[in-house]
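# Pasting the sequence and the predicted coordinates here, then a few questions.
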Amino acid sequence: MALTEKTEIGSMEVLPMGQIQVRTDTIIERDGVEISRSYHRHVVEPDADISGEDQRVKDIANTVHTDACKKAWADQKKSLGA
Amino acid sequence: MAYIGRPLNAGNLAVQSGTGDGSDTTPIATLNHSVGSSNSVAVYLDGVRQLAGTDYTAVGTTLTFTMAPANGVGVDVYFLGLELSIPTPADATVAKAKITTTLINEHVDTTITASDSLLFSDATDSNANKKDTVQGILDLVPAHTGNVAFPATQVASADANTLDDYEETTWTCTLTDGSNDATGTATGTATKVGRLVVASAYLQTSSLGSVSGSIQMKGLPYTSANDGKYHSCAIGYGQGWAYTAGYMVSVHLPPNSTTMDMYVFDTAAGATGFQSGEWSDNGQMMITVSYTSA
């Protein structure tokens, strides 16, 4: 019997202002058969540092986070006083 | 002597006649009515009753004599019982009103126990080899007995009365000034039911590092709804704070955000941002927030 653990990007959702909601799945398998799966979530906002993100997240961020998207995000943060 | 035999039928029996020619065993080529068997007709030759199955056979609309009736002999066929056709309703034509209420209620009241599952087969699979369980947003498969399981990826609904998601997850809570993060993060938990998120974390930093100015807590697992609404956060515990005694700390989550803003309130200055100088390197905060997600 062999237990293995692996992580994978289980879901990515792009919100209207460009935030990417990322769900990272941790999967436990016994002899190749999944016996457990848990989630960890984080959100990549348009002004976020994506250097440590999964390549697929980077690919989406590089496409979605245009200058216009980043400016809209910065304007919104400013309007909220952040 | 009393009459012995079948009771008389009301109405007239249908009769069909013909004439023998001495060679044709089917002097009546086609019966006017289809019959179920030889006993369904009474056959007479010049008034003499013939024996069904012996002197003749009748199937469908064909009457066949064992020996051809002689030339000029009258053939009379009395139809005693016509072939009964039992029609089959076309698919999807039997309305509920045509079924007894008892049967309908028995169907509706069927109880599914822990060991049961509802099975369906493909429309083209008469042997139910492709049977499937009731699955989808309501998951009744045996492996999930007693559970209501939702898809791993939400099938969002805008309907105000529809529950479309359930998810349990963790998230990483980090103290930040918006540009720099403190060292020491907390793995929080969160549960999302529909659009409602309840997230908790117990953050304990070990060093503020380059954090300066107003501080925030970031990393919520779902972005709050972009609806202009702010959500209050409950602080259950705090330690390692260096603000003036008697001041009140508050935290809230703005709309369209995953970062919670932290404030300190005093009667003189009102609400001002919680400053990094008011949080020690080993500061702690236990927090819970419930909010509507995007």
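Received, thanks. Numbering: from 1, shown residues only, chains lettered A, B, ... in the order given.

# can you count the residues close to B:Asp227?
9 (other Cβ atoms under 10 Å in any protein chain shown). Where C-beta positions appear, they are placed from N, C-alpha and C, glycine not excepted.

# show me the contacts for it.
Neighbour list for B:Asp227: B:Pro255, B:Thr292 [criterion: Cβ atoms under 8 Å, 6 or more residues apart in numbering or on different chains].

# backbone phi and psi for the residue in chain A positioned nearest to chain B, please?
With Cβ to the nearest Cβ as the measure, A:Arg41 is the residue of chain A nearest to chain B, at 3.5 Å. Here is the backbone geometry of A:Arg41 (degrees, to the nearest 10): phi -120, psi 150.

# and the closest residue to it other than its chain neighbours, how many residues sit next to it?
Closest residue in space to A:Arg41, ignoring its immediate chain neighbours: B:Pro221 at 3.5 Å, by Cβ to Cβ, 6 or more residues apart in numbering or on different chains. Neighbourhood size, B:Pro221 [other Cβ under 10 Å]: 27.

# And for B:Glu168?
Neighbour tally, B:Glu168, other Cβ under 10 Å: 11.

# That one sits in which helix or strand?
strand B:166-176 (DSSP states H and E).

# list the buried ones in that strand?
For strand B:166-176, burial by neighbour count (16 or more other Cβ atoms under 10 Å in any protein chain shown) applies to B:Glu167, B:Thr169, B:Thr170, B:Trp171, B:Thr172, B:Cys173, B:Thr174, B:Leu175, B:Thr176.

# so what's the first one closest to, chain neighbours aside?
Which is B:Glu167. The spatially closest residue to B:Glu167, leaving aside those adjacent along the chain, is B:Lys192, at 4.6 Å (Cβ to Cβ, 6+ apart).

# Go ahead and confirm B:His33 touches B:Ala14.
Yes - the pair B:His33 and B:Ala14 qualifies as a contact (Cβ atoms under 8 Å) at a distance of 6.3 Å.

# Touching both of those two, which residues are there?
B:Phe79.

# Checking my notes, A:Ser11 in a strand, right?
Yes - A:Ser11 sits within a strand when classified using DSSP: H, G, I helix; E, B strand; the rest coil.

# Which residues of chain B lie near chain A?
Contact residues (Cβ under 8 Å from any Cβ of the partner chain) of chain B with chain A: B:152-153, B:167-172, B:178, B:187, B:190, B:216, B:219-223, B:226, B:254-259, B:261, B:294.

# out of the residues you listed, which are buried?
B:167, B:169-172, B:190, B:216, B:219-223, B:226, B:254-259, B:261, B:294.

# just to revisit the earlier point, with respect to B:Val249, which of the buried residues of strand B:166-176 is nearest?
Among the buried residues of strand B:166-176, B:Leu175 lies closest to B:Val249 (Cβ to Cβ), at 13.4 Å.

# Count the residues that sit near the closest residue to that closest one other than its chain neighbours.
Of all residues not flanking B:Leu175 in the chain, B:Ala182 sits nearest, at 4.0 Å (Cβ to Cβ, 6+ apart). Here the number of neighbours of B:Ala182 (other Cβ under 10 Å) works out to 23.

# ditto for the one 4 residues further on
Other residues lying near B:Ala186 total 21 when counted by other Cβ under 10 Å.

# Help me confirm that it comes into contact with B:Ala199.
No - using Cβ under 8 Å, B:Ala186 makes no contact with B:Ala199, being 11.1 Å away.

# B:Thr176 bridge partners, please.
B:Asp181, B:Gln216 (DSSP bridges).

# tell me the centre residue of chain A?
Nearest residue to the geometric centre of chain A (Cα atoms, centre = their mean): A:Val22, 2.6 Å.

# Can you mark which positions in the lengthiest helix in chain A are buried?
The longest helix of chain A (DSSP state H) is helix A:67-79. Using 16+ other Cβ under 10 Å as the test for burial, helix A:67-79 gives A:Cys69, A:Trp73, A:Gln76, A:Lys77.

# before we move on, back to that, what confidence value was assigned to the residue of chain A closest to chain B?
Looking at A:Arg41, its pLDDT reads 97.

# thinking again about what came up before, check whether the longest helix of chain A contacts chain B.
Yes - interface with chain B: helix A:67-79 contributes A:Gln76 (Cβ under 8 Å from any Cβ).

# quick one: contacts of that helix?
With Cβ under 8 Å, 6+ apart as the test, helix A:67-79 has contacts from A:Met17, A:Gly18, A:Glu45, A:Pro46, A:Asp47, B:Asn256.

# Check whether B:Ala190 really touches B:Tyr222, as I assumed.
Yes - at 7.5 Å, B:Ala190 counts as touching B:Tyr222 under the criterion of Cβ under 8 Å.
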